[in-house]
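Visitor: Here you go, sequence then predicted model.
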Amino acid sequence: MIAPNTSEPIRPWQGIASRQEPDIRFFWHWPQILDTFEGAIKAHAGPLGNYTSDHFYPLARTCASDEYRCPTITRLLSDERLDNFGYQVFTHASEAARHGLGYRLEELNTAAGRGAPGVSDVAASAVWALDSMFNAACPQSPEDPSANRTCRVGATGVNFHNAEVRAFYFPEEGNAYYNAIRYDPTATMGSPTAAPEYYAMLFFAHLAQGTSGLRPVTVDVEAPADQVKAWRLDGARSERRLILLNKGAEPTTLTVEAPASTYELNRMTPYDPTGAGRALDAPGMQIDGNEVAADGTWPGFAPTVGKITNGRLQVTLAPGETVAISLRGLSR
């Protein structure tokens, strides 16, 4: 059993927190819902255990009557929309934990209404998806920014929504704009292809999933303070990993403390096959210069390897680029 799967309105978190929003659906009914369903959920656990779940969309393609919902890349990657996400996930994951239940984002993507062209189907969606996975695992509530710095509360997983472009059960009409994996809508049913969001999942699965010690990190950058987001992780064999996400449209350089002997560096980078130099609005992504092949196979990761001198490492991030720095041979 999965319950309650609530979907909240696309509104600023402040209005929901103050209970001034006219339509907050189930948000403040969450404790009562869990009181009601807790026993049934625990009695019908599936392979992922006992959990309850939410839906979340930062934007909506249908926004004619509400400008706040309208999708743009700037809005998608803004701290404001991330704060809305963090508030909902922290509040509901905390309540789920109080009931002895796990918590997942059962439906999540860039814009309700099957996404938005030029926002949901470009590189910005991959940056957003990766940022969202880290913030689902360790939500930072804007109401109390220090409450979850140790990542004691969070979601155990997310599902990014895939759909047909117009309505369910009409696959021949094509893919929704936000699809991470694009199916072949023709009668030949050829190989699916990877959209930008898929690369975010691949990057996270290879470099973050299965690690421990997740923490948000503040870094000094040659850019606006909200442009680069950073997370640290602990891997195996005395390995530490730093994930740096450049959510901005400009390159930036930073120097990180690296008390290790060697490093591996993986990059997830916007890719514009036309050569026009698009970044956040580029139609594709690459990881370490590689793409998923036409037959659906992944050629593999190809990190840059190097030695560290003087305990510091300088890194430049291109617009919309994510870098994972894996430090080996840490000095303790």
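Guide: Perfect, thanks for sending it.
Visitor: Only the C-alpha atoms, please, for stretch 243-263, written as CSV.
Guide: Output of stretch 243-263 as CSV, limited to C-alpha atoms (Å, rounded to 0.1, in the frame of the first residue of the first chain):
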residue,chain,number,x,y,z
ILE,A,243,29.7,17.2,-5.8
LEU,A,244,29.6,20.8,-7.3
LEU,A,245,26.6,21.9,-9.3
ASN,A,246,26.8,25.1,-11.3
LYS,A,247,23.2,26.2,-11.7
GLY,A,248,24.2,29.5,-13.4
ALA,A,249,24.6,30.6,-17.0
GLU,A,250,28.2,31.7,-16.5
PRO,A,251,31.4,29.7,-15.8
THR,A,252,32.9,29.9,-12.4
THR,A,253,36.2,28.8,-10.7
LEU,A,254,36.8,27.7,-7.1
THR,A,255,39.5,26.2,-5.1
VAL,A,256,38.7,23.3,-2.7
GLU,A,257,40.6,21.9,0.2
ALA,A,258,41.8,18.5,-0.8
PRO,A,259,43.8,16.7,1.9
ALA,A,260,44.5,13.7,-0.4
SER,A,261,47.1,12.4,-2.7
THR,A,262,45.0,11.8,-5.9
TYR,A,263,41.7,12.7,-7.4
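Visitor: Give me the distance between that stretch and the centre of its chain.
Guide: Per CA atoms, centre = their mean, to the nearest Å, the displacement of stretch 243-263 from the mean C-alpha position of its chain is 19 Å.
Visitor: And it, what's buried?
Guide: In terms of neighbour count (16 or more other CB atoms under 10 Å), stretch 243-263 has its buried residues at 243, 244, 245, 246, 247, 248, 252, 254, 256, 258, 260, 263. For every residue, glycine as well, the C-beta is placed using N, CA and C.
Visitor: What average pLDDT does stretch 125-138 get?
Guide: For stretch 125-138, mean pLDDT is 98.
Visitor: re the thing from before, tell me which two of the buried residues of stretch 243-263 sit farthest apart.
Guide: 248 and 260 (27.5 Å; CB to CB).
Visitor: Could you pull up the residues touching the closest residue to residue 170 other than its chain neighbours?
Guide: Nearest non-adjacent residue to residue 170, counting by CB to CB, 6 or more residues apart in numbering: residue 164, 5.2 Å away. Contacts for residue 164 (CB atoms under 8 Å, 6 or more residues apart in numbering) come out as 114, 170, 171, 173, 174, 175, 176.
Visitor: let's see 10 Å
Guide: When contacts are counted by CB atoms under 10 Å, 6 or more residues apart in numbering, residue 164 touches 114, 170, 171, 172, 173, 174, 175, 176, 179, 183, 185.
Visitor: so how far is residue 128 from it?
Guide: 22 Å (CB to CB, to the nearest Å).
Visitor: mind giving me the domain ranges of this protein?
Guide: 6-194, 212-328 (automatic domain parsing).
Visitor: can you redo those as CSV with distance to residue 202?
Guide: Listed next are those as CSV, based on distance: least, CB to CB, whole Å:
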stretch, distance to residue 202
domain 6-194, 8
domain 212-328, 7
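Visitor: for those, which one sits closest to residue 203?
Guide: domain 212-328 (4.8 Å).
Visitor: Pull the distance from that closest one to the chain's centre.
Guide: That offset, for domain 212-328, works out to 15 Å (CA atoms, centre = their mean).
Visitor: For that domain, measure first residue to last.
Guide: Distance across domain 212-328, first residue to last, is 16 Å (CA to CA, to the nearest Å).
Visitor: which residues does residue 283 contact?
Guide: 118, 121, 122, 123, 195, 196, 270, 271, 272, 273, 274.
Visitor: thinking again about what came up before, in JSON lines, list the buried residues of stretch 243-263 along with distance to residue 233 and secondary structure.
Guide: Below are the buried residues of stretch 243-263 laid out as JSON lines (distance: CB to CB, whole Å; DSSP: H, G, I helix; E, B strand; the rest coil):
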{"residue": "243", "distance to residue 233": "7", "secondary structure": "strand"}
{"residue": "244", "distance to residue 233": "12", "secondary structure": "strand"}
{"residue": "245", "distance to residue 233": "13", "secondary structure": "strand"}
{"residue": "246", "distance to residue 233": "18", "secondary structure": "strand"}
{"residue": "247", "distance to residue 233": "19", "secondary structure": "coil"}
{"residue": "248", "distance to residue 233": "23", "secondary structure": "coil"}
{"residue": "252", "distance to residue 233": "21", "secondary structure": "strand"}
{"residue": "254", "distance to residue 233": "18", "secondary structure": "strand"}
{"residue": "256", "distance to residue 233": "14", "secondary structure": "strand"}
{"residue": "258", "distance to residue 233": "15", "secondary structure": "coil"}
{"residue": "260", "distance to residue 233": "14", "secondary structure": "coil"}
{"residue": "263", "distance to residue 233": "14", "secondary structure": "strand"}
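Visitor: now, which of these sits nearest residue 27?
Guide: For the buried residues of stretch 243-263, the nearest to residue 27 is residue 247 (26.7 Å; CB to CB).
Visitor: Residue 75 is in contact with the closest one, correct?
Guide: No: in this structure, residue 247 is not within contact of residue 75 by CB atoms under 10 Å, at 12.0 Å.
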